[in-house]
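1. Here is a sequence together with a model predicted from it:
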Amino acid sequence: MPEPDADSLFHCRQCGHCCEGRGGIVVSPADLERLAAFLELDPETVVERFGEVSGGKLKVRNGEDGRCVFFREGAGCTVHEGKPSICRAWPFFRGNIEDPVSLALAKEFCPGIDPEAAHEDFARAGRAYLAEQGLLASDPAREANALVLP
């Protein structure tokens, strides 16, 4: 039997649960370039229309519903191809990779995570996925802390 990989442990359901909450969607400089290109806007316009600085980092604003301004009920992420690294990485965040309790809570929160996934398998597959996708962060001052792994 093959070792579980990221695709076998997580299937996004576009439920929007991970798009809720203020201040969590950090936009790195590379993310800003990708998002601006996807939206066909210059980076300054993207920041002005959709961003805010919080804790010294650029983040995507939330709408009145408390979700990311790019999430639409029934449509999901409207910038899926250009979305920030933190969104691309979910649910393979540092907390879920390092802490079995964090992963257990994430499983309750996110219907896309395999509820039977063993933490050891999830951590191994998550680290591999982040590395393969180029999602590991190295600049905690400008990138998502959840993507900075030891």
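-> Everything's here; your move.
2. which residues touch the closest residue to residue 52 other than its chain neighbours?
-> Nearest residue to residue 52, sequence neighbours excluded (Cβ to Cβ, 6 or more residues apart in numbering): residue 61, at 5.1 Å. C-beta: built from backbone N, CA, C; applies to glycine. Going by Cβ atoms under 8 Å, 6 or more residues apart in numbering, residue 61 touches 50-52, 69.
3. residue ranges for the strands of this structure, please.
-> Secondary structure of the chain by DSSP state E: the strands cover 51-54, 57-60, 71-72, 76-77.
4. Tell me who's in contact with residue 57.
-> Neighbour list for residue 57: 26-27, 141-143 [criterion: Cβ under 8 Å, 6+ apart].
5. Deepest in the core, which of the strands of the chain is it.
-> The highest mean neighbour count among the strands of the chain, using mean count of other Cβ atoms under 10 Å, belongs to strand 57-60: a mean of 21.
6. What are the structural domain limits within this protein?
-> Following automatic domain parsing, one gets these domains for the chain: 16-82, 91-137.
7. nearest to residue 4, of those domains?
-> Residue 4 sits nearest to domain 91-137 of all these, at 4.5 Å, using Cβ to Cβ.
8. for that closest one, the distance to its chain's centre please.
-> Domain 91-137 has its C-alpha centroid displaced from the chain centroid by 12 Å (Cα atoms, centre = their mean, to the nearest Å).
9. tell me how far the ends of that domain are from each other?
-> The first residue of domain 91-137 is 15 Å away from its last residue (Cα to Cα, to the nearest Å).
10. in this protein, which helix has the most residues?
-> Ranked by number of residues, the top helix in the chain under DSSP state H is helix 119-132.
11. State the mean pLDDT of that one.
-> Averaged across helix 119-132, the pLDDT comes to 97.
12. likewise stretch 83-101?
-> Averaging pLDDT along stretch 83-101 gives 96.
13. quick one: residue 133 and residue 92 touch, right?
-> No: using Cβ atoms under 8 Å, residue 133 makes no contact with residue 92, being 9.1 Å away.
14. Compare those two (neighbour count), which wins?
-> Between residue 133 and residue 92, counted using other Cβ atoms under 10 Å, residue 92 has the larger neighbour count: 26 against 13.
15. now the nearest residue to the more buried one once chain neighbours are set aside: how far from residue 93?
-> For residue 92, ignoring the flanking residues on the chain, the nearest one in space by Cβ to Cβ, 6+ apart is residue 126 at 3.5 Å. Taking Cβ to Cβ, to the nearest Å as the measure, residue 126 falls 8 Å from residue 93.
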